[in-house]
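A.B. asks: Mind folding the following:
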Amino acid sequence: MSITGGCLCGAVRYSIEAEPIATRICWCRDCQHLAAGNATVNVIFPSDSITITGETRGYESHADSGNVMHRRFCPDCGTPLFSAAEVRPHLIIVRAGTLDDAAIAKPGATIWTDSAPHWALIDETLPKIERQPAPIPAPD
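C.D. replies: Numbering: from 1, shown residues only. A predicted model of the protein is given here:
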């Protein structure tokens, strides 16, 4: 299976040769900044399954979880594309809005719900995790 996507202007494209490990809606404050006040929808893949073409720029931040995050975006159109936690180099987080077929990004949980604003629309049918979920382990 090949999953493809890219930024708004098309300068950055990617292909992924793996199934998603998880998809989560995130209400952490960092994601609210990335999504202009809303939550982000994030699809998690093995980091060794992605091929990226085009230039990206990076921004390093310290998340509320305490993790050092490396975020990548298109320097031309500004589209947020990827993030990765230093403590989990085996995973890459892809912003669902950048997928060519966003239908594969069916969320399985909502995380950081205690950071969501009071007006947030949170899907009551999904598991809710108040803060950071347990880490996804590296493959054996």
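A.B. asks: now the helices for the protein?
C.D. replies: 29-34 (DSSP state H).
A.B. asks: low-confidence ranges in it?
C.D. replies: The model of the chain has pLDDT under 70 over residues 140.
A.B. asks: okay, stretch 82-90 in CSV with CA atoms only?
C.D. replies: Provided in CSV are the C-alpha atoms of stretch 82-90 (Å, rounded to 0.1, in the frame of the first residue of the first chain):
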residue,chain,number,x,y,z
PHE,A,82,5.1,16.2,10.1
SER,A,83,6.3,16.0,13.7
ALA,A,84,8.5,13.6,15.6
ALA,A,85,9.3,13.2,19.3
GLU,A,86,13.1,12.8,20.1
VAL,A,87,12.2,10.0,22.5
ARG,A,88,10.3,8.0,19.7
PRO,A,89,12.5,8.2,16.6
HIS,A,90,10.7,5.1,15.2
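A.B. asks: Could you check how far the residue lying closest to residue 49 once chain neighbours are set aside is from residue 51?
C.D. replies: Leaving out its chain neighbours, the residue that sits closest to residue 49 by CB to CB, 6 or more residues apart in numbering is residue 18, at 3.6 Å. Backbone N, C-alpha and C define where each C-beta goes, glycine included. Applying CB to CB, to the nearest Å, the value for residue 18 to residue 51 is 11 Å.
A.B. asks: out of the two, which sits in the more crowded spot?
C.D. replies: More neighbours surround residue 18 than the other of residue 18 and residue 51, with 15 against 11 (other CB atoms under 10 Å).
A.B. asks: need the contact list for the more buried one.
C.D. replies: 1, 3, 45, 46, 49 (CB atoms under 8 Å, 6 or more residues apart in numbering).
A.B. asks: what about 10 Å?
C.D. replies: Residues in contact with residue 18 (CB atoms under 10 Å, 6 or more residues apart in numbering) are 1, 2, 3, 45, 46, 47, 48, 49, 50, 92.
A.B. asks: Now do it against residue 81, distance only.
C.D. replies: From residue 18 across to residue 81, the span is 17 Å (CB to CB).
A.B. asks: cool, residue 90 as well?
C.D. replies: The value you get for residue 90 to residue 81, if CB to CB is used, is 18 Å.
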